[in-house]
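Colleague: Sequence below, structure please.
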Amino acid sequence: MSTAPRFCVELARDEADVIAAQRLRYEVFVEELGGDGEMVDHAARLERDRFDPFFDHLLLRDAAAGGAVVGVYRLLREEAAARAGQFYSEDEYDLSPLRASGRPLLELGRSCVARSYRGGEGLYHLWQGLARYVTEHGIELLFGVASFHGTDARALAQPLALLHHRHLAPPELRVRARAAHFQRMDLIAQEAIDRPAAMRAMPALIKAYLRLGGCVGEGAFVDHAFNTIDVCLVMDTARMSARQKALYTGEAAR
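Modeller: Residues are numbered from 1 along each chain as shown. I've put the predicted structure just below:
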């Protein structure tokens, strides 16, 4: 029996790698979740946008499936955001508090894992690859939007209220949703939150960020094009506990 690792995580090296990432994104964000966008190529089944050339694309490959790309993450550092003219999430959130911090920033986005790989090791390996990238580039603050499926805030009142009341970012890191699409998250009083129900309705990626000490900005953003309600997650690596750092880097499993 082979002892070679099944999964590997690496950065996209060429256009073919980026296309593989865009194809997986199409399967998840367009086919599964009903998203769309002006640069989405339905004929070629590619989910893409104008920011793709500026991001680093972190790829999860499965050796048992011929090295197929089964998970992706988009990573944007400040110098690349300057070339793009902005961070991707700046259309949705005022990032002034993060920019004013003077600390190295990294925007995360388009995180997804193929349907048949969810609930397994895939996201764990992506986190390990992300941790290596963060260490290599001296990143201190990670942020990015994460999504709830659908645009009915009332249907998501429990998880949104839980995030607002118990996981709001400290004032110095508290980004705020743009006014044009601002959605209040405190739709339920804190004492009325059914925490088990709220956590059941919370997407796995958001729960993963919370376990690592992540927090959220003020207000959600209703994205009708992608059929989602977005929250902006912020993670300060300096605030992570030893246990959280072990989960994030994979050291707990060594």
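Colleague: Which parts of this structure are strands?
Modeller: 7-11, 56-62, 68-77, 93-94, 105-113, 141-149, 176-177, 182-183, 215-216, 220-223, 228-236 (DSSP state E).
Colleague: So for residue 24, which of those strands sits nearest?
Modeller: For the strands of the chain, proximity to residue 24 was assessed by C-beta to C-beta; strand 68-77 is nearest, at 5.6 Å. For the C-beta atoms, the positions are set from N, CA and C on the backbone; glycine is no exception.
Colleague: For the residue nearest to residue 195 when sequence neighbours are not counted, which residues are in contact?
Modeller: Closest residue in space to residue 195, ignoring its immediate chain neighbours: residue 162 at 6.5 Å, by C-beta to C-beta, 6 or more residues apart in numbering. Taking C-beta atoms under 8 Å, 6 or more residues apart in numbering, we find residue 162 in contact with 193, 195, 198, 199, 202.
Colleague: Filter those down to the ones in helices?
Modeller: Using DSSP state H, the members of the contacts of residue 162 that fall in helices are 195, 198, 199.
Colleague: who wins for neighbours among those residues?
Modeller: residue 198 (20 neighbours; other C-beta atoms under 10 Å).
Colleague: That one and residue 190, how far apart?
Modeller: 11 Å (C-beta to C-beta, to the nearest Å).
Colleague: Which neighbours do these two have in common?
Modeller: Counting by C-beta under 8 Å, 6+ apart, the residues touching both residue 198 and residue 190 are residue 161.
Colleague: hang on, the earlier thing: gap between the residue nearest to residue 195 and residue 156?
Modeller: 10 Å.
Colleague: got it, and residue 103?
Modeller: The gap separating residue 103 from residue 156 is 31 Å, by C-beta to C-beta.
Colleague: Neighbour count for the two, which is higher?
Modeller: residue 156 (23 against 16).
Colleague: Spell out which residues sit in contact with the spatially closest residue to that one that is not a sequence neighbour, please.
Modeller: Nearest residue to residue 156, sequence neighbours excluded (C-beta to C-beta, 6+ apart): residue 148, at 5.2 Å. Taking C-beta under 8 Å, 6+ apart, we find residue 148 in contact with 156, 159, 160, 201, 203, 228, 229, 230, 231.
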